[in-house]
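S.K.: Please work out how this folds:
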Amino acid sequence: MDATIAVVISNRADALGLSRAKNAGIDTVHLNPRDYTDRDAYDQAIADALRSRNVSLVCLAGYMRLVGPRLLEAFPDRILNIHPSLLPSFRGLDAQKQALDFGVKITGATVHVVTAALDDGPILVQAAVPVLPNDTADTLSARILVEEHRIYPQAIAAVVSGIPVPTPAASPLHAALSAIPFGANEAITVVELRVGDGDITRAIRERFSRATVKTFGEQFNVATLDWWDVMFGADVVIAEHVMPKLTDAKKQYLYKAVADRVSPRGGIIVLDRVDGTSSQLFHQLMWMKHAGFSDVDCRWLIDGVAVFGGFTPRQAAASAPPLPAGN
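M.R.: Modelled structure (predicted):
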């Protein structure tokens, strides 16, 4: 990542982040909110400290204050935050305890663009974390923290490298393309579960000049065997607006079959609507994990449209047969 940490700022003088930054030779600033007349004045002081150091991207971590308009206007769409839940579920404090109290079976971590609303704004990356039967808030927090440390650098690297930050005006198609974890000059095999070429097909061929893209002559049907051989050795399987046509059992069957057939570095990217309760997305991510994919993330979730996927299937995935089709 071509980036430098310019400064670490905290509203707490005893923050561990300040001492760690000092030990690493990084500039630090403590700004006490009590020294300012109101939130606008405090946020203006933060903005001034950042601008004086030519900061271009602001990353929040454990910052328990709403970001006000002065700071948002100074860095529009350039402030990121990480939250220990799969937003939009469990906003605010004690997200891990909220998840346990609600009884969900899967939660996770989210990197998003900061807006004026609490834990709101376009989602950049998500990672799913299962909730175990004997979990406490502490044990669950520890496992979520592992994923936070993994996906926050991913999101920062994507923004620093020039990939546009998703906003309501941007396209989920771009989110799907950015989710493909291969270089533009790599020779990759892509299987699209669709009839003929579409917008994603053309965008893949434009971005990945050496890609081989395979589509189908007839509408994709998970209950047939026509697509099995096509997926062997594929690096990316794209499922665009396929899931609403499948039962839950067939979705699980599809994920397991893809995990068993793609290359060791391969995976699946889903672009679809997840209207209704957020549990729809939770279940999809959980099924991908169960199918054997190690790297499961949500890259986009705006207005009921989600882009999510799983890559790097574990060797153990081939040991358990997929659920029977037709249920």
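S.K.: Report how many residues lie close to residue 34.
M.R.: 6 (other C-beta atoms under 10 Å). For the C-beta atoms, the positions are set from N, CA and C on the backbone; glycine is no exception.
S.K.: swap in residue 39?
M.R.: Considering only other C-beta under 10 Å, residue 39 is surrounded by 16 other residues.
S.K.: Excluding chain neighbours, give the residue nearest to it in space.
M.R.: Take residue 39 and drop its neighbours on the chain: the residue closest to it by C-beta to C-beta, 6 or more residues apart in numbering is residue 68, 4.9 Å away.
S.K.: got a list of what the one you found touches?
M.R.: Residue 68 makes contact with 39, 40, 42, 43, 116 under the criterion C-beta atoms under 8 Å, 6 or more residues apart in numbering.
S.K.: ok, 6 Å please
M.R.: 39, 40, 43 (C-beta atoms under 6 Å, 6 or more residues apart in numbering).
S.K.: The second one and residue 72 touch, don't they?
M.R.: No - assessed by C-beta atoms under 6 Å, residue 40 is found out of contact with residue 72, at 11.3 Å.
S.K.: These two: which is more packed in?
M.R.: Shown here are residue 40 and residue 72; by other C-beta under 10 Å, residue 72 has more neighbours (17 against 13).
S.K.: list the helices and strands the host helix or strand of the more buried one packs on?
M.R.: For residue 72, the host element (DSSP states H and E) is helix 69-74. Counting contacts by 3 or more C-beta pairs under 6 Å, 6 or more residues apart in numbering; DSSP states H and E, helix 69-74 packs against helix 39-51.
S.K.: outside of the helix it packs on, which residues touch it?
M.R.: 29, 31, 33, 36, 68, 70, 71, 74.
S.K.: Stretch 27-34 now?
M.R.: Outside stretch 27-34, the residues that reach it (C-beta under 6 Å, 6+ apart) are 7, 8, 9, 10, 11, 13, 18, 21, 22, 42, 45, 49.
S.K.: so of those residues, which ones are in helices?
M.R.: Using DSSP state H, the subset of the contacts of stretch 27-34 located in helices is 18, 21, 22, 42, 45, 49.
S.K.: Give me the buried subset of the residues you listed.
M.R.: For the ones in helices among the contacts of stretch 27-34, a neighbour count by 16 or more other C-beta atoms under 10 Å gives the buried set as 18, 21, 42, 45, 49.
S.K.: My guess is residue 300 contacts residue 171. True?
M.R.: No - between residue 300 and residue 171 there is no contact under C-beta under 6 Å: 9.2 Å.
S.K.: neighbour count winner among the two?
M.R.: Per other C-beta under 10 Å, whichever of residue 300 and residue 171 has more neighbours is residue 300, with 24 against 15.
S.K.: what about that one, is that helix, strand or coil?
M.R.: Using DSSP: H, G, I helix; E, B strand; the rest coil, the structure places residue 300 in strand.
S.K.: how far away is it from residue 139?
M.R.: Per C-beta to C-beta, to the nearest Å, residue 300 is found 30 Å from residue 139.
S.K.: burial of the closest residue to residue 140 other than its chain neighbours, as a residue count?
M.R.: Distance criterion C-beta to C-beta, 6+ apart; nearest residue to residue 140, sequence neighbours excluded, is residue 96 at 4.8 Å. With neighbours defined by other C-beta under 10 Å, the count for residue 96 comes to 24.
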